[in-house]
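In: Everything below, folded, please.
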Amino acid sequence: QVQLVESGGGLVQAGGSLRLSCAASGLTFSNYFMGWFRQAPGKEREFVARIGWSDATYYADSVKGRFTISRDNAKKMVYLQMNSLKPEDTAVYYCAAAYRTTPLLRSSQVNYWGQGTQVTVSS
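Out: Numbering: from 1, shown residues only. All right, here's what the predicted structure looks like:
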């Protein structure tokens, strides 16, 4: 049984930082793109960042230069370091795993989702 469990969300002031973690189990970690999506109230779930098994990364324009995704294949962990946070970054953040056939970019490609963790940035 595949599980993705996020942690690290919370309330932070604008300009602050948070680090999200995602613990994966039940899958061959190196076979998957790992990524983060987010969903704000009343909006569709959107891509934030992805990382491949060889550590190649890709970011949404809205977070480029502020967020950093990383993975530890030995521990089956994925991280999202979020710096210079803005109120518009407020959302539920979801960890995602997509089989490595094609680079992860859309929700429709995701094979497994985490339960989500709330990030709230106050102005």
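
In: following the host helix or strand of residue 12, which helix or strand shows up next?
Out: Using DSSP states H and E, residue 12 maps to strand 10-13. Counting by DSSP H and E, the next helix or strand C-terminal to strand 10-13 is strand 18-25.

In: That following strand - what's its average pLDDT?
Out: In this model, strand 18-25 has an average pLDDT of 98.

In: can you pull the buried residues of it?
Out: 18, 20, 21, 22, 24 (16 or more other C-beta atoms under 10 Å). Using the backbone N, CA and C atoms, a C-beta is placed for each residue, glycine as well.

In: same thing with stretch 59-70?
Out: Neighbour-count burial for stretch 59-70 [16+ other C-beta under 10 Å]: 59, 60, 63, 67, 68, 69.

In: Which strand residues bridge the first one?
Out: To tie it back to what came earlier, the one meant is residue 59. Counting by DSSP bridges, residue 59 forms beta bridges with residue 49.

In: List the contacts of it.
Out: Applying C-beta atoms under 8 Å, 6 or more residues apart in numbering to residue 59 gives the contacts 48, 49, 67, 69.

In: how deep is the first one tucked in, by neighbour count?
Out: This means residue 48. 23 (other C-beta atoms under 10 Å).
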